[in-house]
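In: Below are the sequence and a predicted model; questions follow.
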Amino acid sequence: MATVFLRELFLCVALFYALRYVVRRLLPRPALPPGPRGFPVVGALPLLGSAPHVALARMAKRYGPIMHLKMGQFSVVVASTPSAARVFLKTLDACFSNRPVDAAPIRLAYEGQDLVFAEYGPKWKLLRKLCNLEMLGNKALDAWSGVRRDEVGHMLRSMKASGRKRERVMLGEMLIYTMANMIGRVILSRRVFETKDTVAKEFKDMVVELMTLAGLVNIGDFIPAVAWLDLQGLERRMKKLHNKFDSVLSRMVAEHEATKSQREGRPDLLDTVLANRDGPDEVKLTNDNIKALLLNLFTAGTDTSTGTIEWAMAEMLLNPSILERAQAEMDRVIGRDRRLEESDIPNLPYLQAICKESFRKHPSTPLNLPRISTQACEVNGYYIPKNTKLLVNIWAIGRDPDVWDNPLEFNPDRFMTAEGSKMDPRGNDFELIPFGAGRRICAGVRMGVVLVQYMLGSLIHAFDWNLPAGANLDMSETFGIALQKTVPVAAMVSPRLAASIYD
Ligand code: HEM
């Protein structure tokens, strides 16, 4: 009896799968989105060149806002307009809530054990929750506003000294050094650089190298059969860089554990995270999770925020009337007898407009961070297979003439109108999404906005800015996960506030 039942069950199941196979084969499936044909084996990879964001924007003009590219063995879909970005990051957010774990997260971020690349699930939720609680959520952010004020104070003092000595200020280095110290104080209860020396410069170079390497198109990610050859030498460079970061991070964790008793009753972020390694909770963090999270917090926020400020300052050095107008607004609202405070920002609409204009024209992550589909889906009548990588061309959206008048012009006035001033860069207005959108939106979005406004505002308020005599400003970009200014801003500054303000 049981054997007959089992045989019939088996036949039913087999019949079901056979029918499903036939129906899927016979029924016409919606087409893939349009896109370039590419070449045998490598597909569209050679079409990307050294500036994939620019190449993809050009292709989108021909193939449309949702494009499909075969790259090696993988399907990649690219969204290049606000409405296409909305479909993927809002309507289909659940389907695209994971990121591909390619060579970069494997080699650089402890096999994707970090917050940025963690699989969407309980561990990702725990990591995000801990960061919000201790550092990135509204309440936590308010709690460490004094640290931001202090570290910006150090920065202004050191820049005033450079101005007095007629030395050039290397803006990017100065900003990364300042941010690393802020982050160190929140995570580890201590500054990480006491003086702005060669160690700080080395750290900046490591961060920039990480963001550049992680963004490069690695042939092995698309053609796994040749991955072991490491044709571009990228994996070798990643391993070397990882070893450098790992020794710094391992030392940080060990030193922190050794000094735990000194922070009795006032734990910092790392103490709280370590408690989740040792504590009773069901989801536990490993040592690699913890080091990978520290890596995220020290790197994901620094290069992105400082890059936005550096581009804004470069644009103002090219258009001094914008700088003068921002300073006039600050003189009216703040005066010159005290520093700019974060509480002044709501009263400085032109400063806010400059920040949004920098987010628009120079988004730090030009192609967003990649996502991957966990199942097949349909978008605007097109078929998107499972395991398709998603890129959102944030750079192209910011420069689309159908969305923005004269998009190549740096013009903060576009955000001074009633409509423009309401536009919010925090993931709801898809014309301006420097932080991405949806459930994987940047975990540091609030901190990023505050830092860009506060640090850029302080630089504008506290100094007059000029290029060194005879110097030209090179505005070219170097592609990476974060878009770098190829030639860093080096400028001369002279203080414009009462002398005692810098002490
Ligand atoms: C101007 C500053 C910043 C910009 C433009 C920026 C941009 C981005 C973007 C575009 C993403 C991907 C979002 C998506 O997939 O839709 C992202 C993710 C992320 N960012 Fe930021 N970011 C900035 C600052 C920060 C800061 C200050 C931190 C923390 C200290 C941070 C930490 C992260 C993390 C952890 C993720 C991964 C989130 C996840 O996968 O759940 N970022 N960021």
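Out: Sure thing, it's come through. Residues are numbered from 1 along each chain as shown.
In: ok so residue 76 is a strand residue?
Out: Yes - Residue 76: assigned to a strand according to DSSP: H, G, I helix; E, B strand; the rest coil.
In: Please pull up the helix or strand immediately following the helix or strand bottoming out on mean pLDDT in the chain.
Out: Sorted by mean pLDDT, DSSP states H and E, the helices and strands of the chain end with helix 2-26, the least confident at a mean of 65. Toward the C-terminus, helix 2-26 is succeeded by helix 52-63 as the next helix or strand (DSSP states H and E).
In: can you give me how far that following helix is from the chain middle?
Out: With CA atoms, centre = their mean, to the nearest Å as the basis, helix 52-63 stands 21 Å off its chain's centre.
In: now do stretch 302-322
Out: With CA atoms, centre = their mean, you get 17 Å for stretch 302-322.
In: and what of stretch 461-481?
Out: Using CA atoms, centre = their mean, the offset of stretch 461-481 from its chain centre is 22 Å.
In: Please identify the buried residues of stretch 313-322?
Out: 313, 314, 315, 316, 317, 322 (16 or more other CB atoms under 10 Å). C-beta here means a position set from N, CA and C on the backbone, and glycine is covered the same way.
In: from those, which two are the most distant?
Out: Using CB to CB, the buried residues of stretch 313-322 reach their maximum pairwise distance at 314 and 322, which is 11.5 Å.
In: pLDDT value on the residue in the stretch 151-300 of the chain that the ligand sits nearest to, please?
Out: Scanning the stretch 151-300 of the chain for the residue nearest the ligand gives residue 300, at 3.7 Å (criterion: CB to the nearest ligand atom). Residue 300 is assigned 88 on the pLDDT scale.
In: next one: the one 4 residues further on
Out: Looking at residue 304, its pLDDT stands at 92.
In: a markdown table for the buried residues of stretch 313-322, including secondary structure?
Out: Shown next, in a markdown table, are the buried residues of stretch 313-322 (three-state DSSP):
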| residue | secondary structure |
| --- | --- |
| 313 | helix |
| 314 | helix |
| 315 | helix |
| 316 | helix |
| 317 | helix |
| 322 | helix |
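In: Of those, just say which sits nearest to residue 264.
Out: Distances from residue 264 to the buried residues of stretch 313-322, taken by CB to CB, are shortest for residue 313, at 42.8 Å.
In: I'd like the distance between that closest one and residue 354.
Out: 10 Å (CB to CB, to the nearest Å).
In: Show me whatever sits in contact with both of these two.
Out: residue 456 (CB atoms under 8 Å, 6 or more residues apart in numbering).
In: one step back: residues in contact with the residue of the stretch 151-300 of the chain closest to the ligand?
Out: Going by CB under 8 Å, 6+ apart, residue 300 touches 116, 442, 443, 444.
In: Out of these, give me the one that has the most neighbours.
Out: The most crowded member of those, judged by other CB atoms under 10 Å, is residue 442 (25 neighbours).
In: Tell me which helix or strand the nearest residue to that one once chain neighbours are set aside sits in.
Out: Distances taken as CB to CB, 6 or more residues apart in numbering place residue 435 nearest to residue 442, at 3.8 Å, with adjacent residues excluded. If you go by DSSP H and E, residue 435 is not part of any helix or strand.
In: Do I have it right that residue 435 meets residue 447?
Out: No - with contact defined as CB atoms under 8 Å, residue 435 and residue 447 do not form a contacting pair (10.5 Å).
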